[in-house]
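*Asks:* here is the input, now give the coordinates:
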Amino acid sequence: MQNSIEDYIENHRDVLDVETPDDEKIWKGISTELGKSRRLRIWGFRVAAVILVMVTSGVFITYVMHQRKGGVKNYSLLNVSKELGDEENYFHLTIQRKMKEVQQSGSLGEPYYSMITQLRQVDRQVETYMSDIQELGNQPKILNGIIRCYELKIRIIEKTLKEIEKNKHYENEKHIL
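*Replies:* Next comes the predicted model:
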């Protein structure tokens, strides 16, 4: 019996022999699977980035449209004097430039929402001042209040930019550790 099994094995070795694993083929399959998951992850990040930019742009556009619809644009310091109008225009351009920096930072966290809330409060104060100018005329206290509001808006945005930068720096350090 022993000889018959050995003879059978000897005669049918090519059918019974287990082939050695093809390491190259195995590693190629593994790397293909890893490549697929890496590509999926990269696409996921891209989709998240696009969504983040779209949401940020939407919020920014909504903010700008709200600002233009409000009473702030109905009356301007240009109605008072050319110099004050030029100064007001400078503030508007600076605020728009800094808001664009915030938008490009891609941050929609707490600092951003806090900034939007604070800017709306300042906008309401500017609307009140503009309304007062229309009713009471060009009073220096009112004009100074408007200028202070524009300066405050710039400080709020700059503070937010610093906070966003600080958060990014913290996140980078956190990822390094």
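*Asks:* from here on, just use CA atoms for contacts and neighbour counts.
*Replies:* Fine.
*Asks:* so who does the most centrally placed residue in the chain touch?
*Replies:* In the chain, the centroid-proximal residue (C-alpha atoms, centre = their mean) is residue 106; its distance is 1.5 Å. Counting by C-alpha atoms under 8 Å, 6 or more residues apart in numbering, residue 106 touches 52, 53, 56.
*Asks:* just the buried residues from these, in ChimeraX please.
*Replies:* If you want just the buried ones from the contacts of residue 106 in ChimeraX, going by 16 or more other C-alpha atoms under 10 Å, the selection is:
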select :53,56
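*Asks:* output the contacts of residue 106 as CSV; include the columns secondary structure, distance to residue 129 and pLDDT.
*Replies:* What follows is the contacts of residue 106, written out as CSV (DSSP: H, G, I helix; E, B strand; the rest coil; distance: C-alpha to C-alpha, whole Å; pLDDT from 0 to 100):
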residue, secondary structure, distance to residue 129, pLDDT
52, helix, 36, 82
53, helix, 34, 80
56, helix, 30, 83
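*Asks:* nearest to residue 128 among the contacts of residue 106?
*Replies:* residue 56 (28.4 Å; C-alpha to C-alpha).
*Asks:* can you pull the contacts of the residue nearest to the closest one when sequence neighbours are not counted?
*Replies:* In this structure, residue 56 finds its nearest non-sequential neighbour in residue 103, 6.2 Å apart by C-alpha to C-alpha, 6 or more residues apart in numbering. Contacts for residue 103 (C-alpha under 8 Å, 6+ apart) come out as 56, 57, 60.
*Asks:* need phi/psi at residue 107.
*Replies:* phi -100, psi 130 (degrees, to the nearest 10).
*Asks:* tell me which element the residue nearest to it when sequence neighbours are not counted falls in.
*Replies:* In this structure, residue 107 finds its nearest non-sequential neighbour in residue 164, 6.9 Å apart by C-alpha to C-alpha, 6+ apart. Using DSSP states H and E, residue 164 maps to helix 140-176.
*Asks:* elements contacting that helix?
*Replies:* Applying 3 or more C-alpha pairs under 8 Å, 6 or more residues apart in numbering; DSSP states H and E, one finds that helix 140-176 contacts helix 82-105, helix 110-136.
*Asks:* check contacts around the nearest residue to residue 142 once chain neighbours are set aside.
*Replies:* Leaving aside its sequence neighbours, residue 142 sits nearest to residue 129 (C-alpha to C-alpha, 6+ apart; 6.0 Å). Residue 129 is in contact with 142, 143, 145, 146, counting by C-alpha under 8 Å, 6+ apart.
*Asks:* repeat that for residue 48.
*Replies:* By C-alpha under 8 Å, 6+ apart, the contact list for residue 48 is empty.
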